[in-house]
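Visitor: Here is a sequence together with a model predicted from it:
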Amino acid sequence: MNIIDRGLTPFLEYLNTFPNSNEVTMSMVKGPLAALGATLCDLWIPAGDKEIQLLSNDGFEVSKELYQRISLSFHSPLTDSFINGTTIVLQVSQALEKYPSLEVDREYWEDLIETYGDGDLVHVPIFSKGFPIGMYTFVSDQINEWTPDKYSRLAAVAAALALWMSHQKSGVLGFDYKSSSGL
């Protein structure tokens, strides 16, 4: 199913068909995140207590090869957002300045800027029943003015993803989540 209307309602309806995670990230870029200039998108889920793993990616193929699992002890905007449960928005070039640990992959970040521009790098935690169950991240080809409405859009997308991810039909979180969260 293609998301033609870029609103949240069609995105929710689409998620209710329980598409695979690669289709979800693609629909996020073309759907509710398009208004924010999204050019690529990743979905992340916990991998035990100490790591997060890439669930799906739409966009920069190098991301799939380089970042499959990330230790939560690695200081990055992704891990900070997940651990602290807060949305983090910064320009791609600012990520290198603010997070010196990313220097190890400087070439990746420079290629990302060259390919997509030095727009926003956005990290949004996904919660269900008060627990972090994932993250979505995206790169924008623009620098947005982050108004309350835009932050609300990010939260609404996260809420929609939480419903999809935590539903048994999505197959995303598996048995461990269901048994530990009381689903």
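Guide: That came through, no problem.

Visitor: roughly how far apart are I83 and M26?
Guide: Noted for I83: a distance of 28 Å to M26, by C-beta to C-beta, to the nearest Å. The C-beta positions use only the backbone N, C-alpha and C, and glycine is treated the same way.

Visitor: Now do the contacts for the residue nearest the centre of the chain.
Guide: Taking C-alpha atoms, centre = their mean, the centroid of the chain lies closest to Y136, which sits 1.2 Å from it. Taking C-beta atoms under 8 Å, 6 or more residues apart in numbering, we find Y136 in contact with 25, 28, 41-44, 123-124, 126, 157-158, 161.

Visitor: Going by neighbour count, list what's buried in the host helix or strand of it.
Guide: Using DSSP states H and E, Y136 sits within strand 131-140. Judged by neighbour count (16 or more other C-beta atoms under 10 Å), strand 131-140 contains these buried residues: 132-140.

Visitor: re the thing from before, okay if I get the contacts of Y136 as TSV plus pLDDT and secondary structure?
Guide: Shown next, in TSV, are the contacts of Y136 (pLDDT from 0 to 100; DSSP: H, G, I helix; E, B strand; the rest coil):
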residue	pLDDT	secondary structure
T25	92	helix
M28	94	helix
C41	93	strand
D42	93	strand
L43	95	strand
W44	94	strand
H123	97	strand
V124	98	strand
I126	96	strand
V157	96	helix
A158	96	helix
L161	95	helix
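
Visitor: Could you single out the nearest of the residues you listed to G171?
Guide: Nearest to G171 among those, counting by C-beta to C-beta, is L43 at 13.2 Å.

Visitor: distance of that closest one from T25?
Guide: 6 Å.

Visitor: again, but for S152
Guide: To T25, S152 is 21 Å away according to C-beta to C-beta.

Visitor: Please say which of the two ends up with more neighbours.
Guide: Neighbours were counted for S152 and for T25 using other C-beta atoms under 10 Å; T25 has more, 24 against 11.

Visitor: contacting residues around that one?
Guide: T25 sits next to 41-43, 56-59, 136 when contact means C-beta under 8 Å, 6+ apart.

Visitor: Over to G134?
Guide: 43-46, 55, 125-126, 161-162, 165, 172.

Visitor: Quick one: the strands in the chain, in order.
Guide: Counting by DSSP state E, one finds strands in the chain at the ranges 38-47, 51-58, 69-71, 88-91, 120-128, 131-140.

Visitor: The last one pairs with which strands, parallel or anti?
Guide: Looking back up the chat, that one is strand 131-140. The strands beside strand 131-140 in its sheet (DSSP bridges) come out as strand 38-47 (antiparallel), strand 120-128 (antiparallel).
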